[in-house]
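> I'll drop the sequence and a predicted model, then ask my questions.
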Amino acid sequence: MINRPRRLRSTDAIRALVRETRITPDQLIYPLFVCEGEGIRREIESMPGCFNFSVDELTGEVDRARQAGIRSVVLFGIPDHKDAAGSQAYAEDGITQKAIRAIKREVRDILVIADNCLCEYTDHGHCGVIKDGEVLNDPTLEILARTAVSQAEAGADVIAPSNMMDGFVAAIRSALDASGFEHIPIMSYAVKYASGFYGPFREAAQSTPQFGDRRGYQMDPANVREGLKEAALDLEQGADILMVKPAMPYLDVIRAVRERFDVPVAAYQVSGEYAMIKAAALRGWIDEERVVAESLTAIKRAGADMILTYFAIDIAKRMA
Ligand code: PBG
């Protein structure tokens, strides 16, 4: 027989030699939830192995990630006080700002990405300001821009706007530039779907909308062309990195963005993807280690350069 593909599968060494896709810890981004208080390390019920950390505990966790070979984290702040305009998002002593400062002070050589959204900070749980039950676009942009500047002032290395208002990248880019932060890159959640897979995150961040849903700003899961349009608009507005989110249910979208645009692509393996794997693994129904590696490989193979994943430390340790 001339063609015997099995020749290249016969040993571990030869399989490694011909492997087309690899995961490396330096392209994994570890998402972390930070809350007010002291000595808090509260496990998130629907995300076993993930925690809400107070700032003092958070720095230890970031250090642990760094030791494991993870070089980037993304932060989500959970304030004690929420209001209609999400004012803690841009407060100088807001929870995210305090966390960024503490990490920068205590952990060396770590890239800190600040998620930029309002849903964790508003009492109604929507990602923007509300009037007559509607999420207002343009008034929200000003708050996002202000938030981005305060995150950069606190020491954030990258701003990651996730709120899906029209024009959010332009608003943040021009505010950062006007404040002397023209060197700070924007990782835009450009193609973000209105997804049921965010359920556990909303428990973790206490950000479930108190009325309605996010379909008026996040994308319809059925659409790919619209995702490419979102990505193109964000690039025009100055996005440096494009994100697709969630990841595994949207591999075709990752591939489409990869093929259309010559910029780095990020994919977010979201809380629901994590929870499903954990839940099945805890019951012994799947092999967690294998499934995690396989899911991340699939996301990379689809075209993602970097992956945001709650499994980051586990994977990095296994690869060490
Ligand atoms: C919005 C935001 C969300 C996630 C990241 N940024 C939630 C949402 O849009 O409802 C979800 C991440 C996850 O599920 O892991 N600030």
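Received, thanks. Residues are numbered from 1 along each chain as shown.
> all contacts plus neighbour counts: C-alpha atoms, from now on.
OK.
> Show me what stretch 257-264 is in contact with.
228, 231, 240-242, 265, 303-306 (CA atoms under 8 Å, 6 or more residues apart in numbering).
> quick one: contacts for residue 280?
residue 286.
> Can you classify it by secondary structure?
helix (DSSP: H, G, I helix; E, B strand; the rest coil).
> any idea how far it is from residue 288?
8 Å (CA to CA, to the nearest Å).
> Next: residue 41.
On the measure of CA to CA, residue 41 and residue 288 end up 24 Å apart.
> Check residue 44 and give its pLDDT.
Residue 44 carries a pLDDT value of 97.
> pretty sure residue 221 is touching residue 197, no?
No. Contact criterion CA atoms under 8 Å: residue 221 and residue 197 do not qualify, at 11.3 Å.
> and these two? which has more neighbours close in?
residue 197 (21 against 16; other CA atoms under 10 Å).
> contacting residues for that one?
246, 270-273.
> In three-state terms, label it for me.
Going by three-state DSSP: residue 197 is helix.
> Residue 102 - how many residues pack around it?
17.
> Flag every buried residue along the helix ranked longest in the chain.
What stands out as the longest helix in the chain, according to DSSP state H, is helix 138-154. For helix 138-154, a neighbour-count test (16 or more other CA atoms under 10 Å) marks 140-141, 143-154 as buried.
> tell me which strands and helices that helix is in contact with?
Judged by 3 or more CA pairs under 8 Å, 6 or more residues apart in numbering; DSSP states H and E, helix 138-154 is in contact with helix 95-106, strand 111-116, strand 158-161, helix 168-178.
> any chance you could map the strands in the stretch 201-320 of the chain?
241-245, 265-269, 306-309 (DSSP state E, counting those that start in this stretch).
> Within the sheet, what are the partner strands of the last one, with directions?
When pairing is defined by DSSP bridges, strand 306-309 lines up against strand 28-35 (parallel), strand 265-269 (parallel).
> Could you count how many residues lie near residue 108?
There are 12 residues near residue 108, going by other CA under 10 Å.
> which intervals of the stretch 51-200 of the chain have sub-threshold pLDDT?
In the prediction, the stretch 51-200 of the chain carries no residues with pLDDT under 70.
> Write out the residues of it neighbouring the ligand.
Counting by CA under 6 Å from any ligand atom, the stretch 51-200 of the chain comes close to the ligand at 117, 119, 162-163, 198.
> how about 5 Å then?
Applying CA under 5 Å from any ligand atom, one finds that the stretch 51-200 of the chain approaches the ligand through 117, 198.
> Nearest to the ligand within the stretch 51-200 of the chain, name that residue for me.
residue 198 (3.4 Å; CA to the nearest ligand atom).
> what's the neighbour count on that residue?
18.
> Check the contact between it and residue 272; I expect there is one.
Yes. Applying CA under 8 Å, one finds residue 198 in contact with residue 272, separated by 5.6 Å.
> ok, and of the contacts of residue 197, which contact the ligand?
270-271.
> Could you tell me the model confidence score at residue 248?
In this prediction residue 248 is given a pLDDT of 98.
> just the one 4 residues further on next, same as before
As predicted, residue 252 sits at a pLDDT of 98.
> so what's it closest to, chain neighbours aside?
residue 302 (7.1 Å; CA to CA, 6 or more residues apart in numbering).
> give me the number of residues near residue 175?
20.
> Hmm, it is touching residue 143, no?
No. The pair residue 175 and residue 143 fails to qualify as a contact (CA under 8 Å) at a distance of 10.6 Å.
> Can you get me a residue count around residue 216?
Neighbours of residue 216 (other CA under 10 Å): 13.
> Tell me the bridge partners for the residue nearest to it when sequence neighbours are not counted.
Excluding the flanking residues, the one nearest residue 216 by CA to CA, 6+ apart is residue 135, at 8.0 Å. For residue 135, the beta-bridge partners under DSSP bridges are residue 130.
> Lovely, talk soon.
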